[in-house]
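Undergrad: Got a predicted structure here, sequence first:
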Amino acid sequence: MPKRKPHAKIIGGMYKGTKIPYKPSKFLRPTENRVRETLFNWLMHDVEGSICLDMFSGTGALGLEALSRGAKKVIFLEKNRDLYERLKTLIEKLSLSERAKIIHADSIMYSYEKLNLEFDIIFLDPPFRKGLLNTVYNSLCKNKLFGKDSLIYVEAEEDLELSFMLWKEIKKSKVGQTQFVLYKNEG
């Protein structure tokens, strides 16, 4: 029997059931379907018409889910060339190029002023155990990428202490070794 390719899938909205294929890797951890379901239940009234940033896109599951549920625009940043190409192909296949922009770049080093955007929702799911979240938080604040009441989703290893001065925790959960938290910018 041939080995099935692993995939995540879009779990709600216009593109519900669409498979998001990927190659397994120790560096890639697509957000689990049940975690995305919880997150998008939290965001139920906020996604429609929003402008989103998927900073460490990977498979693009978070940003694609947002587009499927009515986000106006999603900017994807991915530094891995293969993941970038796969995501670009899927966005074109779904005819989402008008609402999605994928950028092949390092999320931490990217010059965000080029975008000239303030995001309503930011998805942060950086590689685990690399100490990136404080650097990302500082970069987001410095580049003024969010406004008052913007929502920021953070996915991190369960034992990581999270503390962001300008953000108020509004929802939190855990699945296995992963914690996921939704914050609201209050700065």
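TA: Structure's in. What do you need? Numbering: from 1, shown residues only.

Undergrad: Packing partners of the longest helix along the chain?
TA: Scanning the chain for the longest helix, with DSSP state H as the assignment, gives helix 81-93. Counting contacts by 3 or more C-beta pairs under 8 Å, 6 or more residues apart in numbering; DSSP states H and E, helix 81-93 packs against strand 73-78, strand 100-104. No exception for glycine: its C-beta is placed from N, CA and C like everyone else's.

Undergrad: possible to save the ones you listed as CSV with distance to residue 163, mean pLDDT and mean neighbour count?
TA: Listed next are these as CSV, based on distance: least, C-beta to C-beta, whole Å; pLDDT from 0 to 100; neighbours: other C-beta atoms under 10 Å:
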stretch, distance to residue 163, mean pLDDT, mean neighbour count
strand 73-78, 24, 97, 24
strand 100-104, 29, 96, 19
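
Undergrad: Who are the contact partners of residue 152?
TA: When contacts are counted by C-beta atoms under 8 Å, 6 or more residues apart in numbering, residue 152 touches 121, 122, 124, 140, 146, 164, 167, 182, 183, 184, 185.

Undergrad: Report the buried residues of the helix or strand harbouring it.
TA: Per DSSP states H and E: residue 152 is located in strand 146-157. Using 16 or more other C-beta atoms under 10 Å as the test for burial, strand 146-157 gives 146, 150, 151, 152, 153, 154, 155, 156.
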